[in-house]
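# quick one, structure for this:
(2 chains)
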Amino acid sequence: MCLAVPGQLLEVTGDQALASLHGNKLRVSTALIPGAAVGDWVLIHAGFAIQKLEGTDVEEAFAILHDIAVAEAATIRQTDNATVDQAAAFKPSRPTRQEVSR
Amino acid sequence: MNRTILRHPEVLERLRELAPLLPRPMRFMEVCGTHTVNAFRSGLHSLLPENVSLLSGPGCPVCVTSQGDIDLIVQVASLPNVTLCTYGDMIRVTGHDGSLADARAAGADVRIIYSALDAVKFASENPRRQVVFAAVGFETTTPPSAVAVLEADKQSLDNFTVLASHKLIMPAMRALLSSGEVEVDGFVCPGHVAIITGSRVFQEVVDGWHLPCVITGFEGPQIAAAILRLVELTLRNEPALENLYPQAVTDEGNTFAMKLIDKVFEPVDATWRGLALLSDSGLALRSAYKRYDARTRFELVQPEERINKACACGDVITGRISPGQCRLFGTVCTPARPMGPCMVSSEGTCSAWFKYGRQSAAATAARQPAEPQTQGAQR
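Okay, the predicted model is just below:
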């Protein structure tokens, strides 16, 4: 239940915001992080941004998550060809961890 | 963030190098349902050295909710003119007289919401309905409930109430350690609870019980890194609190959110599945907001704890036994026909064992004869 996902704020109006979660857009409340601004990376839990994230770490974290997703997709590919297309479609434009580190 | 600690192979290799140096088998405990699920999903349990194990503690909010609270929620859902809103995890949890899903099948208006503010919005748009938000969860989930109450107050809604079963994590950890019934050598602390509370609340475990605590994120490699750090701290005989999730967790936490919790809620004694009644371990609405308390609005009487005595969920969520040692696990109790909340909740230990580790559970059960079942979860 304590699951939270990172997203970036695209629009902020009062304590409401439009956030991008890996490209999916979601309305969230920023009532718990006063001073939230467009461009901020935040952790979103149950419709609320609960914490701001430090930008440089976020990019790296996303790259690591992408690596994990690619590895999982490879596992899926071995066992279930039907899911290959879906797995391969996972954010192909994201930089890999190696690319970020350069 | 130190990327090297998140590289899975290196972490596991280091763990395997250090494990033989440990003086005895080590049992570390996580206290977060999301850690439970992701440790299983990533296959971490099967990758750990034989003398290092990860237990699940009282971290799944659905699982720790007392049977009486569940019965009360189902009871309220069945009241005339009531729309009960709650998080999806709660829908299939079975009370003495059935679940919210059963109540909905019988005609009750039960709605799954994503955000607490969705319940307020529904109340605002449906003034003829009495909207009850059944709120469960630890410190991560409590601030949204506080915001919902404040928003309802701002709109002067007279058809919105909260049936709060929020819990605080530290009283549970304290009770578990004080009981002496569970041997734990350190904790993988919940990252998202710590975002709100701050890391320093876990210092009490280090100071009071001389156990290492490591706060971490939720991917398998992050959990593995926390276990490695716990092993390193153990070998150095340096019980300490460490934060491996610094991009989100600070020492002081989200102080604004904590102030909102304190503004709307006050600590009260609460009954936990598996831990019985713990003082100041739950949260109730303060008197200034009692008009938004469903218990007051509907003059509710707390039902007695009527639990299924064959169900060992209370022992599972406190680490006294593993799911494989429960007589019901995988036989009469399955995700399709769950007997207890640990099998119902997607974050429940039994559900995770069944989904990801059934074979290892069976192997464990074969190696280790089932202990006599306790007389139900509540002592």
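# from here on, contacts and neighbour counts on C-alpha atoms
OK.
# helix/strand/coil for the nearest residue to residue B:201 once chain neighbours are set aside?
Distance criterion Cα to Cα, 6 or more residues apart in numbering or on different chains; nearest residue to residue B:201, sequence neighbours excluded, is residue B:170 at 7.6 Å. Secondary structure for residue B:170, judged by DSSP: H, G, I helix; E, B strand; the rest coil, is helix.
# what residues are up against residue B:170?
Going by Cα atoms under 8 Å, 6 or more residues apart in numbering or on different chains, residue B:170 touches B:201-202, B:281.
# then residue B:289?
Residues in contact with residue B:289 (Cα under 8 Å, 6+ apart) are B:149, B:264.
# same check on the one 3 residues further on?
Applying Cα under 8 Å, 6+ apart, we find residue B:292 in contact with B:149, B:160-162, B:285.
# from the residues you listed, which is closest to chain A?
Of all the contacts of residue B:292, chain A sits closest to residue B:149, with 12.5 Å by Cα to the nearest Cα.
# give me every residue that touches that closest one.
Residue B:149 neighbours (Cα under 8 Å, 6+ apart): B:161-162, B:264, B:289, B:292.
# quick one: name the residues of chain A near chain B.
Contact residues (Cα under 8 Å from any Cα of the partner chain) of chain A with chain B: A:1-4, A:31-33, A:43, A:45-48, A:50-54, A:57-58.
# buried among the residues you listed? Make that a PyMOL selection.
A single PyMOL command selects the buried members of the residues of chain A next to chain B (16 or more other Cα atoms under 10 Å in any protein chain shown):
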select buried, chain A and resi 1+2+3+4+31+32+33+43+45+46+47+48+50+51+52+53+57+58
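# quick one: contacts of the lengthiest strand in chain A?
The single longest strand within chain A, with elements called by DSSP state E, is strand A:5-13. Defining contact as Cα under 8 Å, 6+ apart, one finds that strand A:5-13 is touched by A:17-22, A:36-45.
# whichever residue of the stretch 51-200 of chain B sits closest to chain A: how many residues sit nearby?
Here the stretch 51-200 of chain B gets closest to chain A at one residue, residue B:115, 4.8 Å apart by Cα to the nearest Cα. Other residues near residue B:115 come to 21 when the count uses other Cα atoms under 10 Å in any protein chain shown.
# cool, the one 10 residues further on as well?
By the criterion of other Cα under 10 Å, residue B:125 has 10 neighbours.
# where does the chain dip in pLDDT?
Just so you know, I chose chain A. For chain A, applying pLDDT under 70 flags the ranges A:2, A:55-57, A:60-61, A:64-65, A:68, A:72, A:75-102.
# not quite, I wanted chain B
B:1-8, B:358-379.
# contact residues of chain B facing chain A?
B:1, B:32-34, B:60-61, B:89, B:114-116, B:137-138, B:140-141, B:143-144, B:147, B:192-193, B:195-196, B:247-248, B:254, B:256-257, B:347.
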